[in-house]
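Visitor: This is the structure alone, sequence omitted:
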């Protein structure tokens, strides 16, 4: 046997509900054969890690990954993830381009920082500001032109115009710079943290002395652990109600969201009072607003459609995570919208 893939009926059902975003990682190798162990994981409605399947691979070539992705897709009735996050392995990137043709491929930001620290160690060690400027290019810009200008400024500032590694990284900028991915739903996942937490859990159950049969028996214990955590959260959500002030929008969302998602929404809602809003334009039924915070010079552009009470923000938090941002909520409040549209 060379490659083994396993997904049971519950994993397939979980993928049906939560498979829009998938993290794929091959860094875990705790088995007696030294093979790469490759789980497919995502996040459920409680913001918990959920397992869609896993494989033991013979090697990490493009052909092997093509086989695995084709097998995964066939097991999931042809459904491709909307977004898949991986590291910068060229073989994985090549296989995704061939198999998951309808998916958006994003690179793990954490792995990218690790590689940057290795290839640009002289800059990280020689400057106290480079990490901040590099992070700004990764996370902060909302417009492509601003990102390109910021990237070029960084290269000039630190004399990195001829750095080959940064040049190769820039060629894949659409896969890691958030300015190109804000409109892509990622369930708030920018890195492989779900896979990393899964690897930590695997270490509790798996060790190098296991043969293949025992390995997968223990793997099932890991999956059962995750599923039990979801059952506990489902029970907790059905038996409790969060204490909320008598604010119609909070009352409404507390009945719709799971406790974990409601806390994310409430955090955004609680920040609304710290922002100011100014109308900056008007076309037909659509008004445009600038939303700023008193402690920051940055502003966000929010468009509000009076006909359908629809709102969109330049920060793209709703598109990226699935929860309205504080800037959009500020404009809704400014227009006396007290409930979210169903």
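Guide: Perfect, thanks for sending it. Because the structure is predicted, anything quoted here is derived from the model rather than measured.

Visitor: Under the pLDDT cut-off, which ranges of the stretch 151-300 of the chain? List them.
Guide: 190-213 (pLDDT under 70).

Visitor: rerun at 80
Guide: Across the stretch 151-300 of the chain, the ranges flagged by pLDDT under 80 are 188-219, 222, 240-243, 294-297.

Visitor: Helices along that one, start to end?
Guide: For the stretch 151-300 of the chain, the helices defined by DSSP state H, counting those that start in this stretch occupy 164-171, 173-176, 193-205, 212-239, 248-256, 259-270.

Visitor: out of those, which comes closest to residue 110?
Guide: The stretch from the helices of the stretch 151-300 of the chain with the least distance to residue 110 (CB to CB) is helix 193-205; that distance is 7.0 Å. Using the backbone N, CA and C atoms, a C-beta is placed for each residue, glycine as well.

Visitor: Okay, the residue most central in space within the chain and residue 300: tell me how far apart.
Guide: For the chain, the residue nearest the mean C-alpha position is residue 189 (1.7 Å; CA atoms, centre = their mean). Separation of residue 189 from residue 300 (CB to CB, to the nearest Å): 22 Å.

Visitor: Also residue 115?
Guide: 31 Å.

Visitor: Between those two, point out the one with more neighbours.
Guide: More crowded of residue 115 and residue 300, by other CB atoms under 10 Å: residue 300, with 23 against 15.

Visitor: Could you save the helices of the stretch 151-300 of the chain as TSV and add columns showing mean neighbour count?
Guide: Converted to TSV, those look like this (neighbours: other CB atoms under 10 Å):
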stretch	mean neighbour count
helix 164-171	14
helix 173-176	18
helix 193-205	18
helix 212-239	14
helix 248-256	15
helix 259-270	17
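
Visitor: residues in contact with residue 43?
Guide: 18, 21, 49-50, 187-189, 194 (CB atoms under 8 Å, 6 or more residues apart in numbering).

Visitor: Okay, and the beta partners of it?
Guide: residue 49 (DSSP bridges).

Visitor: Start the count at 45 instead of 1 going forward.
Guide: Understood, numbering begins at 45; the last thing we discussed is residue 87.

Visitor: who touches the closest residue to residue 301 other than its chain neighbours in this structure?
Guide: Using CB to CB, 6 or more residues apart in numbering and skipping the chain neighbours, the partner closest in space to residue 301 is residue 309 (6.1 Å). By CB under 8 Å, 6+ apart, residue 309 lies in contact with 297, 301, 367-368.

Visitor: Out of those residues, which two sit at the greatest distance?
Guide: 301 and 368 (11.5 Å).

Visitor: quick one: the strands in the stretch 95-244 of the chain?
Guide: 127-130, 148-151 (DSSP state E, counting those that start in this stretch).

Visitor: got a list of what the residue nearest to residue 139 when sequence neighbours are not counted touches?
Guide: Distances taken as CB to CB, 6+ apart place residue 109 nearest to residue 139, at 3.6 Å, with adjacent residues excluded. Shown in contact with residue 109 (CB under 8 Å, 6+ apart): 135-136, 138-140.

Visitor: same thing but 10 Å
Guide: 47, 68, 70, 82, 99, 101, 103, 130, 133, 135-140, 142-143 (CB atoms under 10 Å, 6 or more residues apart in numbering).

Visitor: ok, now how distant is it from residue 228?
Guide: Distance, residue 109 to residue 228, by CB to CB: 22 Å.

Visitor: Could you chop this structure up by domain?
Guide: Domain assignment of the chain by automatic domain parsing yields the ranges 48-152+235-276, 154-224, 292-378.

Visitor: May I see these arranged in CSV, with distance to residue 384 as well?
Guide: Below are the domains of the chain laid out as CSV (distance: least, CB to CB, whole Å):
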stretch, distance to residue 384
domain 48-152+235-276, 17
domain 154-224, 23
domain 292-378, 6
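
Visitor: Now distance to residue 327 too, for the contacts of residue 309, in TSV please.
Guide: Output for those, formatted as TSV (distance: CB to CB, whole Å):
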residue	distance to residue 327
297	30
301	33
367	27
368	22
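
Visitor: so which of the residues you listed comes closest to residue 331?
Guide: Scanning those for proximity to residue 331, where the rule is CB to CB, the winner is residue 368, at 17.0 Å.

Visitor: Model confidence score at that closest one, please.
Guide: If you check residue 368, the pLDDT there is 94.

Visitor: can you tell me which residues contact it?
Guide: Shown in contact with residue 368 (CB under 10 Å, 6+ apart): 293, 297, 309, 312-313, 355-357, 361-362, 376, 384.

Visitor: What separation is there between residue 110 and residue 204?
Guide: From residue 110 to residue 204 the distance is 35 Å (CB to CB).

Visitor: just to revisit the earlier point, which one among the contacts of residue 368 gets closest to residue 117?
Guide: Distance ranking of these against residue 117, using CB to CB, places residue 362 first at 28.5 Å.

Visitor: burial measure for residue 131, as a count.
Guide: Neighbour number of residue 131 under other CB under 10 Å is 20.

Visitor: residues near the closest residue to it other than its chain neighbours, how many?
Guide: Residue nearest to residue 131 in three dimensions, not counting chain neighbours: residue 155, with 4.2 Å by CB to CB, 6+ apart. Residues contacting residue 155 under the criterion other CB under 10 Å number 20.
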